[in-house]
Every structure is written in structure tokens, then in C-alpha cells.
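Engineer: below: sequence and its predicted model.
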Amino acid sequence: MAASKGFFNAFADVWMLDGVRTPMVDYCGSLGHISPTDLGIKAARAVLERVGVPGGHIGSVLAGNMAPGDYEQFMLPRHIGLYAGVPQEVPALMAQRICGTGFELFRQAGEQIQGGSADVALVVGAESMTRNPIAAFTHRTGFKLGAPVEFKDFLWEALYDSTVGITMIQTAENLAKKYGVTRAEVDAFASESFARAVAAQQAGFHAGEIVPVITEKFELEGYKTRGIKLQGKITEVAHDTHARISPVEVLAKLRTVYPEGVQTGGNSAALVDAAAAAVVASGGYARAEGKKPLARLVAAAVVGVPPEIMGIGPAPAIRLVLERAGLSLDQVGRFEINEAQGAQTLAVGRELGLDLAKLNVNGGAIALGHPLAVTGVRLTLTLAREMQRAGVRYGVSSACIGGGQGIALLLENPDAA
């Protein structure tokens with residue numbers, strides 16, 4: 001596949017100071033009753049505390065949330081900013097690029113900072129997969145006698161692309177056929193994702209980016225008190241819940257979603273609830289405030305691909321960001337590519353000729369989960385931390401996007417430059 005057309009941004013002096021995330025907790029688990037707004041406030045407050053940046057220094061709030069988790073979704077970015085201590089006069093924006101939303105937040109932060117609109121941006125992804133609604137779009141005028149009642153599961157129906165008449169999983173099956181990816185290979189890849197995630201969890205790597213969720217109040221003078229209240233006897237949620245040792249022999253026993261296919265519930269991304277946040281700043285701000293950044297945001301690229309093979313999107317996006325940045329694939333020491341489906345990620349690897357030893361070395365979405373708007377923030381944070389741990393100079397985070405897009409971010413490790 002030739003390098004795709006698309007758009008590219010290069011950033012001369014834009015930095016991620018640091019980031020945090022909540023644990024990623026299985027669908028219908030201990031975070032399932034919490035509004036994505038409150039999860040986002042939790043992550044936003046925690047990252048500002050971690051980097052030591054006062055809310056008053058934030059010049060832009062950029063937030064992402066795909067499916068409404070409550071009736072407040074329209075105000076989610078604004079509420080996150082206000083309850084995180086950002087001044088009232090600072091505007092807030094919701095970005096939406098489906099599975100690429102978290103990456104898009106960084107891209108827009110880079111544009112705003114480089115363009116002089118802000119020196120510091122707060123980026124937050126929040127998603128409750130559990131609270132995806134059961135929705136109807138045809139009953140505003142009432143229920144007619146004998147007409148179908150069209151309440152449907154938003155979470156399930158949103159996986160269907162009506163343009164081509166197939167689901168997101170079927171797009172991965174198309175890639176499996178196109179690239180000759182077998183069921184055994186997908187299960188082996190999934191098993192390795194689980195094993196890497198468990199190893200990283202046991203080594204304490206993931207704990208380094210997690211802020212535990214507890215019962216607490218979010219006060220805002222003059223306004224309603226918000227907060228999080230854990231249910232039952234739970235006092236703290238501090239760990240990702242989906243990662244577990246999953247031998248190939250166990251995964252091989254699972255039934256495929258489609259007959260003669262390769263994708264199962266065990267080798268596809270897990271459904272989880274979570275939030276993640278990061279602070280992005282100009283180099284001038286970082287130097288003036290004595291902040292040591294986690295990574296430099298070098299460039300971003302977004303491309304379009306055929307909807308029926310939407311999962312290949314990271315390949316041309318990665319090609320574009322590297323070509324325009326003047327780098328080769330072998331100069332990149334680490335890759336974080338969202339594991340929407342195992343076959344999809346393997347197809348991207350084959351298209352690029354990627355060394356899988358550099359890919360998702362601390363586990364991917366199959367093991368950890370894919371909370372849609374959170375994923376890009378989480379992957380980019382994990383990538384930056386892994387680049388420092390491994391001492392590599394360049395890293396790329398990327399994802400495919402439903403409907404046929406791909407997005408990629410290029411990071412540089414300041415300690416290895």
C-alpha cells in the first residue's frame with residue numbers, strides 16, 4: 001500500500017509534560033456506575049497535581065467522549081475544566097474522531113500551542129462503555145399502532161458501518177483474508193498481549209501511570225458539588241482488571257464471532273471504563289516553569305482508507321508521519337498501535353514490515369481494553385513512559401478508526417535526543 005494522502009502537522013516546540021489514567025475496569029464492573037464526566041474530572045485533577053501545574057495556567061481544555069454516559073455529555077469538556085480548577089474564561093472543546101479521539105486531542109493541542117492560542121493545554125479522554133445507552137431515534141413523534149419499537153443497543157449498533165454493510169469485526173476479517181492472517185496467529189498474538197500486560201502489571205509499570213479511583217467529592221465554589229461514590233464495600237479501584245494469563249490453548253476453544261472467521265471475544269479489544277489526561281505545553285512554558293517534560297510531540301498525521309478495511313489505517317498514517325518527519329521505520333524504537341482486533345493489528349504489522357518485538361511491549365487493548373476516547377491518550381502516555389524506560393529516541397502511537405481512517409503521533413524522548 002502506497003503512502004496515503006492525508007494531512008500532517010509538525011510541531012517545533014510542543015511537549016507532553018506528563019499524564020495519568022484511571023484503572024481500566026471491565027464493562028459492568030466497579031466503575032460502570034460512574035459518569036464519564038466524573039471520571040474525566042478525576043483524571044484531570046490528578047494530572048495537574050502530578051505535573052504541579054495550577055489550573056490557572058491552563059489556556060485550553062480539550063476533551064473527548066464518544067458515547068453519552070449521561071445527559072450531561074454536551075457539557076462534559078466544560079465541566080471537566082471547571083471542576084479541575086481551570087479559570088472560567090478558558091474555553092473547552094469536545095473532539096471526536098472515534099477510536100482516534102485521544103490522539104486527536106494531542107494533535108489539536110499541538111496546533112493551538114504552536115499557533116499561539118495557548119501555552120498549556122489540558123487534554124482528557126473519558127469513556128464509560130458500560131453506560132452506552134439503549135437508544136431510539138425515531139419516536140419523537142410518538143408510537144404509532146403496530147409500528148416497530150426501535151430501541152437498540154447503542155454500543156452494539158455503533159459497530160456497524162452502513163456504508164459497506166459490515167461490522168468493525170468484519171473489517172478485521174477482510175484484512176485477515178487479504179493478508180493471510182490465520183486464527184492460530186491471531187490467538188498467539190492475543191496470548192502474547194495478555195502475557196505482556198500481566199508482566200508489566202506485576203513489574204509495576206502500569207501502576208506508574210494509574211491514579212486510583214476512590215470515593216471523593218469535587219468541590220467548585222458557588223456551584224454544585226460533584227464527585228465519585230464507589231458502591232458496596234469497595235474503597236479503592238487501583239488496578240486494570242482485564243489482563244490475565246490466557247494460553248493459546250484456552251483462546252483456541254472460543255467460538256469465532258462469524259463462521260469461518262478468526263476473531264473471537266478473546267482476541268479482540270476488551271470493553272472497559274476509564275479516563276486519562278495529559279498536560280501539553282510549549283517549550284517556553286516548560287523552561288520558564290522548570291518542568292521536565294515526558295516527551296516531545298514531534299508530528300501528527302491523519303489519513304483515510306477504504307471503510308471495508310478500516311483497520312489498516314495505522315499503516316498509511318505511520319508512513320505519512322515518518323516520511324514527512326524525515327525518519328525511517330527502523331529509527332522508531334517503540335510502537336503503540338491500538339489492538340482493536342488481533343487480525344487488524346497483525347495486518348498493519350505485515351503491511352509495514354514491523355518488528356513485533358517493538359510493538360505494544362506492555363500489552364495492548366486485547367489485554368487491557370479499548371475505552372474509545374481514552375485509548376489515544378492512554379497509548380501515547382504509555383508510549384512516552386516506555387520510551388524513557390527503554391532509552392529509545394523515537395516512538396509512534398497509532399490507531400485505526402471506524403469508517404476508514406488512521407491516525408498516528410510521533411514522539412521524541414528528550415533524554416535520548
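Structural biologist: Everything's here; your move. Residues are numbered from 1 along each chain as shown.

Engineer: need the residues that contact stretch 341-354.
Structural biologist: Around stretch 341-354, the neighbours that count as contacts under C-beta atoms under 8 Å, 6 or more residues apart in numbering are 1, 168-169, 171-173, 175-176, 178-179, 181, 185-187, 189-190, 193, 262-263, 267-269, 311-312, 314-315, 318-319, 329, 335, 337-339, 356, 359-360, 364, 366, 400. The C-beta positions use only the backbone N, C-alpha and C, and glycine is treated the same way.

Engineer: would you show me how to pick out the buried ones of the residues you listed in ChimeraX?
Structural biologist: Applying 16 or more other C-beta atoms under 10 Å to the contacts of stretch 341-354, the buried members can be selected in ChimeraX as follows:
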select :168,169,171,172,173,175,176,179,181,185,186,187,189,190,193,262,263,267,268,269,311,312,314,315,318,319,335,337,338,339,359,360,364,366,400
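
Engineer: in helices only, show me the contacts of stretch 341-354.
Structural biologist: Judged by DSSP state H, helices contain the following of the contacts of stretch 341-354: 168-169, 171-173, 175-176, 178-179, 185-187, 189-190, 193, 314-315, 318-319, 366.

Engineer: which residues touch the spatially most central residue of the chain?
Structural biologist: Among the residues of the chain, Thr375 comes closest to the average C-alpha position under C-alpha atoms, centre = their mean, at 1.0 Å. Contact analysis of Thr375 by C-beta under 8 Å, 6+ apart lists Cys99, Thr101, Gly102, Gly125, Asn338, Ala365, Ala399.

Engineer: surely the fifth one meets Leu368?
Structural biologist: No - distance between Asn338 and Leu368: 10.4 Å, which falls outside the contact criterion (C-beta atoms under 8 Å).

Engineer: point out where the protein drops to low pLDDT.
Structural biologist: The model of the chain has pLDDT under 70 over residues 1-4.

Engineer: now Ile245. Nearest residue, chain neighbours left out?
Structural biologist: Distance criterion C-beta to C-beta, 6 or more residues apart in numbering; nearest residue to Ile245, sequence neighbours excluded, is Val198 at 5.7 Å.

Engineer: ranges for the strands of the stretch 251-400 of the chain?
Structural biologist: With DSSP state E, counting those that start in this stretch as the definition, the stretch 251-400 of the chain shows strands at residue ranges 272-282, 295-304, 332-337, 394-401.

Engineer: same list (the ones you listed) but as JSON lines, adding distance to His242.
Structural biologist: Output for the strands of the stretch 251-400 of the chain, formatted as JSON lines (distance: least, C-beta to C-beta, whole Å):
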{"stretch": "strand 272-282", "distance to His242": "6"}
{"stretch": "strand 295-304", "distance to His242": "26"}
{"stretch": "strand 332-337", "distance to His242": "17"}
{"stretch": "strand 394-401", "distance to His242": "18"}
